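Q: my questions concern the predicted model and sequence given below.
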Amino acid sequence: TTHVRGHVPEWMQIHNATSPHKETFPAPYETGWGKFDKLLMLRCLRPDAIVEAAQDYVILFLGPAFVEPVPFNLRECFDSSSCTTPLLFILTPGMDPTADLFRFAKQSDAKLEAVSLGQGQGPIAATMIAKAQGSKAHWVLLQNCHLAPSWLPHLDRICTDMAAKPSGVESTFRLFLTSFPSSAFPVAVLQMSIKMTNEPPSGLRASLMRSITSQPVCESAFFNRNTAGVL
């Protein structure tokens, strides 16, 4: 703090910079401090810039692969599941997996029924699950679980019963859930489920990768299905 009070213009230059983590620190800290020490100081000066600075730190010491999002692959997640293992989508702002799920269900020759939880939708969801458990290739999607905190204990019992008695569930049944992070979400369901998230891409490269690896563009049939003269 003594150095900051005596060298206000130099520290203000870092504070006011667009990318403060790329600025040169006042002597003797530019050479006397390590990269992590500078991160700690930046956390005090500009906490809003710490995420970008931390990403650069990880890239420097571990490589860019550790900060680039892994392309979302619904097929791999599905193959890791079972009829008693819920598949939980942890929602992020601006991302909704519903369209991808319906497309994936169609490709898998499965019937997907969806219900958005909320006031009075719990009993409908329970009936839908009970019916689908005995049908072949019948899937259920419960959307926005965070909006029905009073019904989540019932969901906990449903999932626990499925895990305890797998013989009573059709092997091709799947239960999909979507929810924003919520303290009301049952811990047991969270532990037993396969958890997925599909964050919005950041940057041009990530956006292009998301576009060319998403359904249906990633399939060659998408480009070959139209006949000549038909749009």
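A: On my side now, so go ahead.

Q: please name the nearest non-neighbouring residue to F104.
A: L74 (5.4 Å; Cβ to Cβ, 6 or more residues apart in numbering). Bear in mind the C-beta positions are built from the backbone N, C-alpha and C, glycine included.

Q: this protein: strands as residue ranges?
A: Remark: strands assigned in the chain by DSSP state E are 87-90, 111-116, 138-143, 174-179, 194-196.

Q: if you average pLDDT over the shortest one, what comes out?
A: Along strand 194-196, the predicted local confidence has a mean pLDDT of 91.

Q: so which residue is smack in the middle of this structure?
A: Geometric centre of the chain, nearest residue: T197, 1.7 Å, by Cα atoms, centre = their mean.

Q: what bridges to the residue lying closest to it once chain neighbours are set aside?
A: Ranked by Cβ to Cβ, 6+ apart and with sequence neighbours excluded, the top spatial neighbour of T197 is I90, at 4.4 Å. Counting by DSSP bridges, I90 forms beta bridges with S179.

Q: now for I90, how many residues are close by?
A: The number of residues packed near I90 is 19, by other Cβ atoms under 10 Å.

Q: again, but for L175
A: 26.

Q: which ones are touching it?
A: Counting by Cβ atoms under 8 Å, 6 or more residues apart in numbering, L175 touches P86, L87, I129, W139, V140, L142, C159, M162.

Q: repeat for P153
A: Residues near P153 by Cβ under 8 Å, 6+ apart: P186.

Q: then the one 10 residues further on?
A: If you count contacts by Cβ under 8 Å, 6+ apart, A163 has them with T84, M192.

Q: let's see it at 6 Å
A: Contacts for A163 were tallied using Cβ atoms under 6 Å, 6 or more residues apart in numbering; they are T84.

Q: how near is it to T85?
A: From A163 across to T85, the span is 8 Å (Cβ to Cβ, to the nearest Å).

Q: leaving out sequence neighbours, find the closest residue to S108.
A: Per Cβ to Cβ, 6+ apart, closest to S108 is A137, 7.3 Å.
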